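Whatever this is, show me its structure:
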Amino acid sequence: MKSIIATLLLFYMLTANAQNNRLWGGVEIGYGYSLAEKKDVHGISYPKNNSFSSIHAVLGYYVVEKLSVGAGIGLNGYSNPGLNTLPLFLNLKFHPFHNKNIVFSGDFGYSLLSNEDNIDAGFLTSMSVGYKVCKIKKIGIVPAIGYNFCQYSVKETDGMNHNDNRSSVFLKLGIVY
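As a prediction, this is how the structure comes out:
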């Protein structure tokens with residue numbers, strides 16, 4: 001927990017001291033529901049109503065007025081059965097209109113760690129569309145709706161591995177500065 005707070009403070013200091021409007025940072029908190037059907041795979045039961053939650057810190061730079069490239073780190077949690085991952089990802093943001101209130105965002109990365117010894121986390125991606133509803137001084141509030149996909153490998157007791165994935169739709173709230 002201390003490392004997450006330290007990372008968020010570092011992002012804030014970097015963006016607060018920026019001399020131009022090209023460098024930005026933000027925190028995104030999300031919650032959603034799984035799209036998976038109820039299933040039993042390799043001894044793991046997946047009930048139909050799974051949930052997804054996340055918290056991410058992102059630091060980006062506008063390479064041109066409408067396109068930002070950045071990097072992020074965070075925590076993703078999936079329920080039933082529980083799986084928590086530590087994703088590291090590349091973030092792309094695109095503003096298709098001149099006023100920059102509508103934003104299309106995509107994350108592409110890899111989960112570095114998981115909370116289970118027998119699970120190796122893997123590739124992840126998410127896509128979302130949001131709208132900046134307000135801006136107070138230099139802080140903007142951006143709710144969004146999106147899709148998340150996470151791939152991972154489960155090690156069986158007999159030494160075999162099988163690949164599995166989770167996908168979900170989510171709502172998130174971004175606080176950007």
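
which residues touch residue 134?
By C-beta atoms under 8 Å, 6 or more residues apart in numbering, residue 134 lies in contact with 140-141. C-betas here are computed from N, CA, C, even on glycine.

And residue 72, by the same measure?
56-59, 87-91, 107, 109.

what is the rounded mean pLDDT of stretch 97-107?
Per-region confidence: stretch 97-107 scores 91 on mean pLDDT.

Same check on stretch 135-143?
The model assigns stretch 135-143 a mean pLDDT of 89.

Buried by neighbour count: which residues of it qualify?
140, 142 (16 or more other C-beta atoms under 10 Å).

Please list the outside residues in contact with that stretch.
So stretch 135-143 is in contact with 16, 26, 103, 130-134, 171-177, going by C-beta under 8 Å, 6+ apart.

how long is it from one end to the other?
Distance between the boundary residues of stretch 135-143 (C-alpha to C-alpha, to the nearest Å) amounts to 12 Å.

who does residue 78 bridge with?
For residue 78, the residues forming beta bridges with it (DSSP bridges) are residue 52, residue 83.

quick one: contacts for it?
Contacts of residue 78 (C-beta under 8 Å, 6+ apart): 34, 50-52, 84-85, 150, 166, 168.

quick one: residue 62 from residue 146, how far?
Distance, residue 62 to residue 146, using C-beta to C-beta, to the nearest Å: 21 Å.

Which one's more surrounded, those two?
More crowded of residue 62 and residue 146, by other C-beta atoms under 10 Å: residue 146, with 21 against 18.

Surely the more buried one touches residue 170?
Yes - Residue 146 lies in contact with residue 170 (C-beta atoms under 8 Å); the separation is 5.7 Å.

Overlap in contacts, the two.
Common neighbours of residue 146 and residue 170, counting by C-beta under 8 Å, 6+ apart, are 30, 126, 128.

buried subset of the contacts of residue 78?
For the contacts of residue 78, buried by 16+ other C-beta under 10 Å: 34, 50, 52, 84-85, 150, 166, 168.

mind checking the SS state of residue 97?
Taking DSSP: H, G, I helix; E, B strand; the rest coil as the rule, one finds residue 97 in the coil state.

what's the neighbour count on it?
For residue 97, the count of nearby residues is 9 (other C-beta under 10 Å).

So it versus residue 105, what's the distance?
Distance, residue 97 to residue 105, using C-beta to C-beta: 15 Å.
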